[in-house]
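Student: any chance you could fold what I've pasted below:
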Amino acid sequence: MHKGVAVKALAALLSLTLGCATAPRPRSVAASPAEGAPAPAAARTDAAPTRLLQGPTSAVLAALRPLLSRGPAFIVRDPDGGPDARITLVTLANAPAEGVRRVVTTPTEYPTFMPILRSVEVISRHESRTAFRFVVAAPLFNVNALCEMRELGERRVDVIVTQSETGPGGSRWDLLPDGEGRSVVALTTWGDPSEGHWLLRQLARRSPSAIAGMNIATDSVLALGAVRRAEIQGGRRLPMRPAAGSVPPGELAPPPTGEWVGLAREGTVLSMLMTEEGAVRQVTVAAWTPAEPSAVMARLRDVAGYSRVWGSMREVEVLPRAADDPEGAVRFRSVVENPLSRLEGVQRARFGDGVAWHEGVSGDYAGVEHRWDVVADPRGGSVVMLTGGSDYNRAGWITRRLMERDPWLMAGFAGSWKIVWLRNLLRGV
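Tutor: The predicted model follows:
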């Protein structure tokens, strides 16, 4: 996080439009020091606890590798655990690991690729540690944060957020050489906005997976911005950020199945399909459930019961079939209400063997599609995948303003919304 905390205040606002069902706040567990970290500095009475952050194993990296040619990939462990969720983003960088490390460990340069930052000040440096603070003006409140960075060799950097209106948090960067002039960048984070500003506490209570959604948005902006900065410094002719946050998705399809599907038993897997410039085209989120495929498909076919699955879907009205609807398709009008956004329109649900499509027909859903794939797991249960585009139509006015300031947020928002929507479906099965 560190500079990501600056985004977190903004990214947290995204959850106002995530469509979360109301749920009790999860209970957090005691903190653990970062594995392998040096002895901590003298304790402060206002210092945040640290939590155990494990980088991705070689087996996880190998499983995710086929997804990285599309764009960044995530594995989210304990996604319904609130502050106990652990998010790991993995992406390829067309820059050496040392170049990415230089960007990450130079806080004074953060404003060059993080336009939301008002100021960054290095307070002190001592051997491998750097203390710094920054200020960002968020739409509804200002954020001040104090962070401590620890450089643990050439391939790892840890950051602890000791004070912030966004609550405690921390991050771990693992920077792995990957051939001449290339590297694999892994960012693992945790954060607890339920201990932050009053507004963030309310957002964190909206769904067990709301905090994971916030952190996905944060990590997307943070990692993509840092990697792009390193690539430019390495000589690549690229814009600092894409001109637009998204492009038309084209025909929706999840990534080809492979070893990465097995990771869905360990956590929720997210894959982003992006253009070379960095605009998001499609996002797929996958998770395992002990329910059999038939049970998941039955829930998707029960259109009239959607409001019991997605709490923000206040009204669902099944409509008569149109003449051009295929056999078994269901048209329905729905109203989705969140604090800062409201969607109303008509969609068509149609179904195949282990697949369902939601196609926007009119109103706020016009032209927007989502695809659900349900695959039987040979070891039992199912892997459920949700694929769609940027979901810009679901963004409230604050989120759209943030996307104008930093288009990288488009990818983060698409991932945030989908993981919450998918987790709500699985809890309803």
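
Student: after the helix or strand harbouring Ser171, next one along is what?
Tutor: Assigned by DSSP states H and E, Ser171 belongs to strand 169-177. Sequence-wise, the next helix or strand downstream of strand 169-177 (DSSP H and E) is strand 183-191.

Student: quick one: the strand holding Ser171 to strand 183-191, angle?
Tutor: 170 degrees (axes from the mean of the first three to the mean of the last three CA atoms, to 10 degrees).

Student: which helix runs longest in the chain?
Tutor: For the chain, the helix reaching the highest residue count under DSSP state H is reported as helix 210-233.

Student: quick one: low-confidence ranges for this structure?
Tutor: 1-51, 137-142, 166, 193-209, 339-340, 397-398 (pLDDT under 70).

Student: okay, now the domains of it?
Tutor: Listed by automatic domain parsing, the domain ranges of the chain are 3-260, 264-428.

Student: Serialize those domains to CSV and add fields for mean neighbour count.
Tutor: Backbone N, C-alpha and C define where each C-beta goes, glycine included. What follows is these, written out as CSV (neighbours: other CB atoms under 10 Å):
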stretch, mean neighbour count
domain 3-260, 20
domain 264-428, 19
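
Student: quick one, strands of the stretch 251-400 of the chain?
Tutor: In the stretch 251-400 of the chain, the strands defined using DSSP state E, counting those that start in this stretch lie at 268-274, 280-289, 313-319, 330-338, 341-352, 355-363, 369-376, 382-388.

Student: possible to save those strands as JSON lines with distance to Ile116?
Tutor: Shown next, in JSON lines, are the strands of the stretch 251-400 of the chain (distance: least, CB to CB, whole Å):
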{"stretch": "strand 268-274", "distance to Ile116": "21"}
{"stretch": "strand 280-289", "distance to Ile116": "19"}
{"stretch": "strand 313-319", "distance to Ile116": "32"}
{"stretch": "strand 330-338", "distance to Ile116": "22"}
{"stretch": "strand 341-352", "distance to Ile116": "21"}
{"stretch": "strand 355-363", "distance to Ile116": "31"}
{"stretch": "strand 369-376", "distance to Ile116": "29"}
{"stretch": "strand 382-388", "distance to Ile116": "26"}
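
Student: go through those strands and name the closest to Arg70.
Tutor: strand 268-274 (4.6 Å; CB to CB).

Student: now that closest one and helix 210-233, what's the angle there?
Tutor: Using the same axes, to 10 degrees: strand 268-274 against helix 210-233 is 40 degrees.

Student: strand partners of strand 268-274, parallel vs antiparallel please.
Tutor: strand 73-77 (antiparallel), strand 280-289 (antiparallel) (DSSP bridges).

Student: dump those strands to CSV, plus distance to Ile87.
Tutor: Formatted as CSV, these follow (distance: least, CB to CB, whole Å):
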stretch, distance to Ile87
strand 73-77, 5
strand 280-289, 13
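
Student: indicate which one of these is closest to Trp357.
Tutor: Closest of these to Trp357 is strand 280-289, at 13.9 Å (criterion: CB to CB).

Student: how far does that closest one sit from its chain's centre?
Tutor: In this view, strand 280-289 has its centroid 11 Å away from the chain centroid, taken as CA atoms, centre = their mean, to the nearest Å.

Student: only alpha carbons, please: show the strand holding Ser171 as PDB.
Tutor: Extracted as PDB, the C-alpha positions of strand 169-177 are listed here (Å, rounded to 0.1, in the frame of the first residue of the first chain):
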ATOM      1  CA  GLY A 169      -2.400  -1.800   6.500                       C
ATOM      2  CA  GLY A 170       0.700  -3.200   4.900                       C
ATOM      3  CA  SER A 171       2.300  -4.500   1.700                       C
ATOM      4  CA  ARG A 172       5.000  -6.800   0.500                       C
ATOM      5  CA  TRP A 173       6.700  -6.400  -2.900                       C
ATOM      6  CA  ASP A 174       8.400  -9.500  -4.400                       C
ATOM      7  CA  LEU A 175      10.500  -8.500  -7.500                       C
ATOM      8  CA  LEU A 176      11.700 -11.500  -9.500                       C
ATOM      9  CA  PRO A 177      14.000 -11.300 -12.600                       C
END
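
Student: what helices and strands are in contact with it?
Tutor: When contacts are defined as 3 or more CB pairs under 8 Å, 6 or more residues apart in numbering; DSSP states H and E, strand 169-177 sits against helix 3-14, helix 97-104, strand 156-164, strand 183-191.

Student: could you check the angle helix 210-233 makes with the shortest one?
Tutor: Meaning helix 97-104. 120 degrees.

Student: I'd like the next helix or strand past helix 97-104.
Tutor: According to DSSP H and E, the helix or strand after helix 97-104 is strand 117-126.

Student: partners of that following strand, with directions?
Tutor: Note on strand 117-126: by DSSP bridges, its sheet partners are strand 129-137 (antiparallel).

Student: other SSEs contacting the next helix or strand after the strand it pairs with?
Tutor: Counting by DSSP H and E, the next helix or strand C-terminal to strand 129-137 is strand 142-151. Contacts defined by 3+ CB pairs under 8 Å, 6+ apart place strand 142-151 against helix 3-14, strand 129-137, strand 156-164.

Student: so the second one versus strand 156-164, what angle?
Tutor: Counting by the same axes, to 10 degrees, strand 129-137 points 50 degrees away from the direction of strand 156-164.

Student: how much space separates Val303 from Trp310?
Tutor: Distance, Val303 to Trp310, by CB to CB, to the nearest Å: 12 Å.

Student: what of Arg65?
Tutor: For Arg65 relative to Trp310 (CB to CB), the value is 33 Å.

Student: phi and psi next, for the most far-flung residue of the chain relative to its centre.
Tutor: The outermost residue of the chain, judged against the average C-alpha position, is Ala323 (39.4 Å), by CA atoms, centre = their mean. Main-chain torsions, Ala323, degrees, to the nearest 10: phi -60, psi -30.

Student: and it, how close does it get to Ala329?
Tutor: In terms of CB to CB, Ala323 sits 11 Å off from Ala329.

Student: list the beta-bridge partners for Leu89.
Tutor: Phe74, Leu187.

Student: doesn't Gly71 make contact with it?
Tutor: No - counting by CB atoms under 8 Å, Leu89 stays clear of Gly71, with 10.6 Å between them.
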